[in-house]
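In: I would like the atomic coordinates for the input below:
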Amino acid sequence: MWQRDCSSDGVFNITMATRDQLGDRRAYVRFNSAGQFWASLDRVEQVVVRNLSVSGVLVEVPAGLKSMQIAQIALQDDGPVIDAVARHASPASDEPREDRFLVGLEFFNLSEDEQANVARMVIDWNATPR
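Out: Numbers count the residues shown, from 1 in each chain. I've put the predicted structure just below:
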C-alpha cells in the first residue's frame, strides 16, 4: 500500500506500508532470499600453535572460532597467507567451563614456495625446545 501526499510547496511525501500481511508484527522488512545469498565473516585472531607439520597445524583458539570451516593463516608476521580447512575440533581440556578449543587445520593449494616455507618452519619448530 502506497500513500502519497503533496505538501503546499509541491514536494511529494511518499509512505510505503511494510506490514500489509495480517498478523505480521515485524518491526523491519523481511526479504525472503531462499538461499540466494552467501556470507562470510572475516576475523583476525592470534592463536597458540600446538603442533606444526608440512600438511597442517594444530592451534588453540577461543570458543568463538571453534565453528570455523576455512581459515587463512599467516605463520609469520608479514608472512605469506596460507589457505587451510578445519578438519578437527575438540575442547583444549576436560574442564567443563573451558572456553578454548584445539582446531586441526589442513593446508591446501600450497604453491611450491609456500611448501618450502612451511617445511623450513617445521624444521625451526622441531628445533625449538618447548
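In: Can you list the neighbours in contact with stretch 73-88?
Out: Residues outside stretch 73-88 that contact it (Cβ atoms under 8 Å, 6 or more residues apart in numbering) are 49, 52, 56-58, 68-72, 102-110, 113-114, 117-118, 121. To be clear about C-beta, it is placed using only N, CA and C from the backbone, and glycine gets the same treatment.
In: What segments of this protein are helices?
Out: 112-127 (DSSP state H).
In: Can you pull the poorly scored residue ranges out of it?
Out: Regions of the chain meeting the criterion pLDDT under 70 cover residues 1-26, 29-43, 64-68, 77-78.
In: any idea which strand is longest in it?
Out: strand 81-91 (DSSP state E).
In: List the strands paired with that one, with their directions.
Out: Partner strands for strand 81-91, per DSSP bridges, with pairing direction: strand 70-74 (antiparallel), strand 100-107 (antiparallel).
In: winner for burial among those?
Out: For these, the largest average neighbour count (mean count of other Cβ atoms under 10 Å) is found in strand 100-107, namely a mean of 19.
In: Could you report the separation of E112 from D99?
Out: Using Cβ to Cβ, to the nearest Å, one obtains 39 Å as the distance from E112 to D99.
In: more crowded one of the two?
Out: Neighbour tally, E112 and D99, criterion other Cβ atoms under 10 Å: the higher count belongs to D99, 12 against 7.
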